[in-house]
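Undergrad: Model the structure of this input:
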Amino acid sequence: MNTNGERLDPPDLSHYDENRSKFPLEELAKYWGKHVAFSPDGTRIVACGESIAEVDDKLDAAGIHFSQVVHSYIDPPDAVYI
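TA: This is a model prediction of the structure:
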């Protein structure tokens with residue numbers, strides 16, 4: 001729901017995977033080690049921050065409900081997971 005209690009329609013994610021896979025690496029490099037919110041179609045980053053809470057605060061300030069984006073974390077190129 002949004003701030004006035006109205007139900008929000010789910011975003012159309014039908015093109016997200018296709019567009020996200022084409023997202024330019026040089027653009028992603030700006031966000032290494034950051035949490036981001038992608039547009040539902042995967043073509044742009046609409047907010048970023050050090051934490052999901054910071055991203056959601058930025059979305060809120062922009063008038064975008066957190067359920068209307070795709071949250072992600074951009075791994076730095078040297079990330080190692082065990």
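Undergrad: How about the residue nearest the centre of the chain: which residues does it bridge to?
TA: Centroid check for the chain by C-alpha atoms, centre = their mean gives residue 37 as the closest residue, at 1.4 Å. Taking DSSP bridges as the rule, residue 37 bridges to residue 47, residue 71.
Undergrad: That one reaches residue 54, doesn't it?
TA: No - using C-beta atoms under 8 Å, residue 37 is not in contact with residue 54, being 10.5 Å away. Every C-beta, even on glycine, is put in place using the N, C-alpha and C of the backbone.
Undergrad: Could you give the separation of the helix ranked longest in the chain from the chain centroid?
TA: Counting by DSSP state H, the longest helix found in the chain is helix 52-61. Relative to its chain's centre, helix 52-61 lies at 10 Å (C-alpha atoms, centre = their mean, to the nearest Å).
Undergrad: Where does the prediction get shaky in this structure?
TA: Flagging of the chain using pLDDT under 70 yields the residue ranges 1-5.
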